[in-house]
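>>> Compute the structure for the input listed below.
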Amino acid sequence: MSFIRFAPLAASLASVLLVIPALPAPWAWPLLALAAVLSALGLYDLGQPAHSVRRNYPLVGRLRWFFEDIRPGIRQYLFEDEHEETPFSRSQRSLVYARAKNEVSDRPFGTLLDVYENGYEFIAHSTRPVPAADPGSFRVSIGGEACRQPYSASIFNISAMSFGALSANAIRALNKGAKLGGFAHDTGEGSISPYHRENGGDLIWEIGSGYFGCRDDQGRFDPHRFAEQAADPQVRMVELKISQGAKPGKGGILPGEKVTPEIALTRGIPVGRDCISPPGHSAFGTPLELVHFIARLRELSGSKPVGFKLCVGQPWEFMGIVKAMLETGILPDYIVVDGAEGGTGAAPLEFADHLGMPLRESLLFVHNTLVGAGLRDQIKIGAAGKIVSAFDIATVMALGADWTNAGRGFMFAIGCIQSLSCHTNQCPTGVATQDPMRQRALVVSDKAERVHNFHRNTLLALSEMIAAAGLHHPSRLGPHHLVRRVSLTEIRLFSQLHIFLEKGELLAGNSDRDFYGAAWRLARADSFDIAT
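Below is the predicted model of the structure:
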């Protein structure tokens with residue numbers, strides 16, 4: 001065994017000794033150089049203290065890291081199952097690619113899914129199907145009584161992804177596609193870059209705890225800078241980000257060396273200085289302060305729709321916000337529910353895997369709380385979290401959403417191959433990188449058309465799907481239209497699987513739904529702490 005372990009190093013050293021006598025023959029120099037390099041690496045491996053495998057297996061031990069590096073790609077292209085979601089299956093990615101390229105996405109010979117497996121879901125069709133509706137009519141008006149500039153939004157929009165996380169060309173392609181298709185593009189918390197403005201697509205301006213684009217020199221909210229940005233007609237709505245699905249409750253830092261002049265200009269921060277995004281907001285600290293801040297944003301924006309986005313965590317905190325709405329009469333125009341399965345960027349493993357509430361539970365909770373408080377009719381709900389197909393859209397709308405947002409689905413549309421290198425600045429397709437040479441691979445005109453195609457073809461599929469269920473508009477979908485297999489011999493409607501509160505049920509204070517009633521009693525309008 002010792003001979004096998006050290007054989008490559010011994011062969012390299014022997015090659016050096018054997019080639020030296022042949023010098024200065026031309027063929028000997030490259031062989032000598034190769035043998036010398038391998039010998040040096042092997043001797044270094046033998047003596048270095050950091051890696052035990054390389055000390056015991058000089059040269060050969062390096063293959064371990066090589067195979068680890070190529071393993072994701074080899075697995076994805078050669079061994080991955082068609083429906084193995086890691087995090088998106090080959091089937092899901094192929095569907096997006098086909099629709100983005102205007103290719104046929106039909107599948108022959110029946111489904112590849114096991115329809116008798118627990119968790120299989122489907123939409124119940126009608127014996128009276130209707131003609132498919134025009135997908136262009138699939139829109140929702142967002143803006144309550146306090147809003148003087150309501151926005152007619154598509155039910156399928158681009159989710160929050162910042163310039164900095166995505167390349168300039170990716171932002172250009174997404175926004176141009178949104179312009180072509182008449183749907184909205186969320187800026188992400190990195191603010192509005194020049195690349196968001198080039199093609200004039202509708203923008204949802206997301207404001208996070210760093211207040212990028214509307215902050216003063218100390219990183220606090222600056223109302224004057226906010227009002228200047230929000231006045232832009234391209235900004236159709238303002239979204240206050242409380243938390244996000246990828247890493248709820250966690251802030252971030254962009255190291256100073258990555259703060260380029262264009263990122264500094266976009267975010268309103270100094271060039272070359274660390275950019276801090278705190279875990280929480282400094283503009284408010286209680287539910288009451290939050291709703292008053294929303295009212296202030298609406299006033300400063302010229303009365304455009306203003307809402308907030310969150311990944312639901314402790315239920316009494318959201319219920320405290322709802323109690324603050326009831327106490328003050330100040331309502332957001334909308335709430336975006338971001339599921340814990342969401343996230344286009346990188347996050348610590350524990351945050352990605354074990355923090356935050358998944359989308360369906362979050363959506364049901366937010367929907368039920370607003371219904372139970374008698375406010376659901378006045379506040380629209382958006383939903384985001386692994387939405388790439390018409391069935392995904394139908395599912396969340398049946399559970400209470402008024403519209404949906406997709407991040408990674410639109411990333412696939414502009415060329416993402418799920419290489420899982422978003423955080424390395426080495427994205428092979430130019431989507432998630434600031435490297436000028438890498439992002440030139442993304443041709444804006446071509447990828448913008450793909451964004452448009454993906455949006456149009458997905459809504460067309462949705463139109464045909466709900467027509468089969470006897471519906472003209474996805475807003476007519478309800479939990480009784482969705483079915484889930486719960487055992488080998490039993491299926492149930494979603495309306496049977498989940499609790500749905502009655503209008504105003506929480507206001508009387510005697511709700512018999514254990515979870516909702518208990519959490520409601522713990523909630524406070526004046527604090528995010530538990531009521532005692």
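
>>> Please give the element, helix or strand, for P332.
Following DSSP states H and E, one finds P332 outside all helices and strands.

>>> So, low pLDDT: which residues of the stretch 1-150 of the chain?
1-3, 72-86 (pLDDT under 70).

>>> Thought R99 was touching V451, still the case?
No - counting by Cβ atoms under 8 Å, V451 stays clear of R99, with 10.6 Å between them. In short, each C-beta sits where N, CA and C put it, glycine included.

>>> between the two, what contacts are shared?
A413 (Cβ atoms under 8 Å, 6 or more residues apart in numbering).

>>> what's the helix or strand for H224?
Applying DSSP H and E, one finds H224 within helix 223-230.

>>> quick one: the helix or strand following that helix to helix 223-230, angle?
Next helix or strand after helix 223-230 toward the C-terminus (DSSP H and E): strand 235-241. Strand 235-241 runs at 130 degrees relative to helix 223-230, counting by axes from the mean of the first three to the mean of the last three Cα atoms, to 10 degrees.

>>> Strand 235-241 - contacts with which helices or strands?
Counting contacts by 3 or more Cβ pairs under 8 Å, 6 or more residues apart in numbering; DSSP states H and E, strand 235-241 is packed against strand 151-154, strand 203-207, helix 287-300, strand 306-310.

>>> Extract the CA atoms of that strand and return them as PDB.
Extracted C-alpha coordinates of strand 235-241, given in PDB (Å, rounded to 0.1, in the frame of the first residue of the first chain):
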ATOM      1  CA  VAL A 235     -41.500  53.200 -10.400                       C
ATOM      2  CA  ARG A 236     -45.100  51.800 -10.200                       C
ATOM      3  CA  MET A 237     -45.000  50.400  -6.600                       C
ATOM      4  CA  VAL A 238     -42.800  50.600  -3.500                       C
ATOM      5  CA  GLU A 239     -42.000  47.500  -1.500                       C
ATOM      6  CA  LEU A 240     -40.600  47.600   2.000                       C
ATOM      7  CA  LYS A 241     -38.600  44.400   2.700                       C
END
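
>>> in its sheet, what does it sit against?
strand 203-207 (parallel), strand 306-310 (parallel) (DSSP bridges).

>>> JSON lines for these, including mean pLDDT, mean neighbour count and distance to F67?
Listed next are the strands paired with strand 235-241 as JSON lines, based on pLDDT from 0 to 100; neighbours: other Cβ atoms under 10 Å; distance: least, Cβ to Cβ, whole Å:
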{"stretch": "strand 203-207", "mean pLDDT": "97", "mean neighbour count": "26", "distance to F67": "40"}
{"stretch": "strand 306-310", "mean pLDDT": "97", "mean neighbour count": "25", "distance to F67": "40"}
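
>>> Output the ones you listed in a markdown table; the columns should cover distance to P428.
A markdown table is the format used below for the strands paired with strand 235-241 (distance: least, Cβ to Cβ, whole Å):
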| stretch | distance to P428 |
| --- | --- |
| strand 203-207 | 27 |
| strand 306-310 | 30 |
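
>>> quick one: which of those strands is nearest W29?
strand 203-207 (59.4 Å; Cβ to Cβ).

>>> any idea of the angle that closest one forms with helix 287-300?
140 degrees.

>>> would you put the C-alpha positions of strand 203-207 in PDB?
Provided in PDB are the C-alpha atoms of strand 203-207 (Å, rounded to 0.1, in the frame of the first residue of the first chain):
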ATOM      1  CA  LEU A 203     -40.400  48.700 -11.600                       C
ATOM      2  CA  ILE A 204     -41.300  47.700  -8.100                       C
ATOM      3  CA  TRP A 205     -38.800  49.500  -6.000                       C
ATOM      4  CA  GLU A 206     -37.700  47.400  -3.000                       C
ATOM      5  CA  ILE A 207     -36.300  49.100   0.000                       C
END
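
>>> which outside residues touch it?
Applying Cβ under 8 Å, 6+ apart, the set of residues contacting strand 203-207 is 157, 160, 175, 184-189, 191-192, 196, 213-214, 226, 229-230, 232, 234-241, 297, 309.

>>> How about stretch 53-63?
Contacts of stretch 53-63 (Cβ under 8 Å, 6+ apart): 5-6, 8-9, 12, 38, 41-43, 45-49, 51, 64.

>>> Straight-line length of it, end to end?
Terminal residues of stretch 53-63 lie 10 Å apart, using Cα to Cα, to the nearest Å.

>>> Please apply the same query to stretch 158-174.
End to end - Cα to Cα - stretch 158-174 spans 8 Å.

>>> got the buried residues for stretch 194-212?
Neighbour counts over stretch 194-212 (16 or more other Cβ atoms under 10 Å) mark 195-196, 199, 201-212 as buried.

>>> on that earlier part again, just the buried residues out of the contacts of strand 203-207, in ChimeraX syntax.
To isolate the buried ones among the contacts of strand 203-207 in ChimeraX, judged by 16+ other Cβ under 10 Å, type:
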select :157,160,175,184,185,186,187,188,189,191,192,196,213,214,226,229,230,234,235,236,237,238,239,240,241,297,309
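
>>> which of the contacts of stretch 53-63 count as buried?
Counted by 16+ other Cβ under 10 Å, the contacts of stretch 53-63 give 6, 8-9, 12, 38, 41-42, 45 as buried.
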